[in-house]
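S.K.: Mind looking at a prediction? Sequence and model below.
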Amino acid sequence: MRTLGTLIAMTLLAALLGAIAIMSIQNIEIVSIKFLLWESVRLPFGVLLAFAVGLGLMVGSFIPVGQKR
């Protein structure tokens, strides 16, 4: 049963990465993010999206899910 859960999780991750790859190829325009007074460097949308997903995966891996006491 644990193997099936891992398979489903990896399939969803692969689909997400594939969707990001397709979106980044179709959107090559240069963007920058503005937040309050801070503005990021100008990067292609696909690169910015890849950084955001990677950072989200790293931060999300530290959040405990279903922690038993």
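M.R.: Cool, got the structure.
S.K.: is it fair to say Ile63 lies in a helix?
M.R.: No - residue state for Ile63 (DSSP: H, G, I helix; E, B strand; the rest coil) corresponds to coil; a helix is not indicated.
S.K.: Where does pLDDT dip in this protein?
M.R.: With pLDDT under 70 as the threshold, the chain has low-confidence stretches at 1, 66-69.
S.K.: residues in contact with the helix ranked longest in the chain?
M.R.: Taking DSSP state H as the assignment, the helix of the chain that covers the most residues is helix 2-26. Outside of helix 2-26, the residues within contact range by C-beta atoms under 8 Å, 6 or more residues apart in numbering are Pro44, Phe45, Gly46, Val47, Leu49, Ala50, Val53. For every residue, glycine as well, the C-beta is placed using N, CA and C.
S.K.: Tell me how many other residues surround the first one.
M.R.: The reference is to Pro44. Using other C-beta atoms under 10 Å, the number of residues around Pro44 comes to 14.
S.K.: same question, the third one
M.R.: Per other C-beta under 10 Å, the neighbour tally for Gly46 reads 19.
S.K.: what about it, distance to Phe62?
M.R.: 26 Å (C-beta to C-beta, to the nearest Å).
S.K.: again with the last one
M.R.: Relative to Phe62, Val53 is positioned 16 Å away (C-beta to C-beta).
S.K.: the more surrounded of these two?
M.R.: Set side by side, Val53 and Phe62 show more neighbours around Val53, with 14 against 6, by other C-beta under 10 Å.
S.K.: Quick check: which element contains that one?
M.R.: Secondary structure assigned from DSSP states H and E places Val53 in helix 45-61.
S.K.: the inter-axis angle of that helix versus helix 2-26?
M.R.: Compare the direction of helix 45-61 with that of helix 2-26 by axes from the mean of the first three to the mean of the last three C-alpha atoms, to 10 degrees and you get 150 degrees.
S.K.: Report all helices and strands that helix 45-61 contacts.
M.R.: Under the contact criterion of 3 or more C-beta pairs under 8 Å, 6 or more residues apart in numbering; DSSP states H and E, helix 45-61 touches helix 2-26, strand 30-31.
S.K.: The shortest one pairs with which strands?
M.R.: Spelled out, that is strand 30-31. Strand 30-31 has these partner strands in its sheet, going by DSSP bridges: strand 43-44 (antiparallel).
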